[in-house]
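> with the input below, show me the fold.
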Amino acid sequence: MGKRKKKKQKPKKREGGRTGPTLAQQADRYDLYQRSVQEAEVEAEFFDRVYRSLHGRAPTILREDFCGTFAVCCEWVKGEGRTAVGVDLDPEPLAWGREHNLSRLDPAAQERVSLVEGDVRTVSEPKADVLAAQNFSYWIFKTRDELRAYLEIARQNLAEGGIMVLDLFGGSECYVENDPDVRKYKGFRYRWEMDEFDPISHDVRHYIHFDFKDGSHLEKAFVYEWRFWTLPEVREVLAEAGFAKTTVYWEGEDEDGEGNDEYEAVERATCDPSWIAYIVAER
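Numbering: from 1, shown residues only. Below you'll find the predicted structure:
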């Protein structure tokens, strides 16, 4: 006896009487992430500016740990003579990056990007002038020993005079559960939410959600289970890992008080309920 045919169901109507797949169902979460979270050009320019200020010459080799879709690698190699190495355990974003980021480069630039599907806690060649661990990705290491072990290996992956660049955020607003940071972009809305925070362990769970004009939602598009590290802690562990010096680069502000991309070296900062900063560690 053959299989019975499934009864044909009428397409469900959405808001406004429309039918068919929702915008959320059609959405590409990696594309949305790059459009709302990453500023690859800004990051590449910052790495270059800081390295030049220290050494009076341009850096050439970048290593991007936890690289995901390796957008920063692809931006980096647009500079003449530059090479980049991206390292990530997850094959899915690497595959997406090959199709959507790497493919947009000219053939010569594509050849200057190398990808490693593996653990960032591996020593490799060539040694980098700049090693970046961005978007708070190193917060995956939840103990001081784990973080120190990673940073010791990162230091080994730097050339003489090399720098490691880490970003991090903080402020009183960043410890509030279920009070999302909402930002609007063309065609969608981004929501960054802290779901749970444990003040004893500093274990934290964050989500990224996306909302669309047709009323559909892409909930928990990205989920992060981290330790919420503080700026003094990270600087102390960098010193324990052997780095010679660390400098904090604080986000600047426009006239209206909004943050901008002009990060400058500081020794002290004013109390801010929600801030983002870079730590630059010299090998």
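> residue ranges with poor pLDDT in the stretch 1-150 of the chain?
1-18 (pLDDT under 70).
> so how far is whichever helix in the chain runs longest off the chain centroid?
In terms of residue count, the longest helix belonging to the chain (DSSP state H) is helix 40-55. In terms of CA atoms, centre = their mean, to the nearest Å, the centre of helix 40-55 is set 16 Å apart from its chain centre.
> what of stretch 53-73?
13 Å.
> and that stretch, what's buried?
For stretch 53-73, the neighbour count (16 or more other CB atoms under 10 Å) marks 54, 59-73 as buried. Just so you know, the C-beta spots here come from the backbone N, C-alpha and C atoms, and that holds for glycine as well.
> now the end-to-end length of that stretch.
One end of stretch 53-73 to the other measures 21 Å (CA to CA, to the nearest Å).
> one more: stretch 234-246?
Note: stretch 234-246 ends 10 Å apart using CA to CA.
> which strands and helices lie in contact with the lengthiest strand in the chain?
Using DSSP state E, we find that the single longest strand of the chain is strand 158-170. Applying 3 or more CB pairs under 8 Å, 6 or more residues apart in numbering; DSSP states H and E, we find strand 158-170 packed against helix 40-55, strand 128-133, helix 144-156, helix 231-240, strand 275-282.
> so what strands line up beside it?
The strands beside strand 158-170 in its sheet (DSSP bridges) come out as strand 128-133 (parallel), strand 275-282 (antiparallel).
> quick one: average confidence on the longest one?
What that stands for is strand 275-282. Averaged across strand 275-282, the pLDDT comes to 97.
> setting aside sequence neighbours, what's the nearest residue to residue 140?
residue 226 (6.2 Å; CB to CB, 6 or more residues apart in numbering).
> equivalent analysis for residue 210, please.
Of all residues not flanking residue 210 in the chain, residue 218 sits nearest, at 4.2 Å (CB to CB, 6+ apart).
> how close does that neighbour get to residue 190?
From residue 218 over to residue 190 the distance is 10 Å, taken as CB to CB, to the nearest Å.
> spit out the residues that contact the two alike.
The overlap between the contact sets of residue 218 and residue 190 (CB atoms under 8 Å, 6 or more residues apart in numbering) consists of 32, 209-210.
> what is the nearest of those to residue 265?
Using CB to CB, the shortest approach to residue 265 within the shared contacts of residue 218 and residue 190 belongs to residue 32, at 32.8 Å.
> ok, the closest one - contacts?
With contact taken as CB under 8 Å, 6+ apart, residue 32 is in contact with 188, 190, 210, 218, 221.
> can you give me phi and psi for it?
Dihedral pair for residue 32: phi -60, psi -40, per degrees, to the nearest 10.
> so how far is residue 225 from it?
Relative to residue 225, and taking CB to CB, residue 32 is found at 21 Å.
> likewise residue 78?
34 Å.
> report how many residues lie close to residue 77.
23 (other CB atoms under 10 Å).
> thought it was touching residue 106?
No - taking contacts as CB atoms under 8 Å, residue 77 lies outside contact range of residue 106: 9.7 Å.
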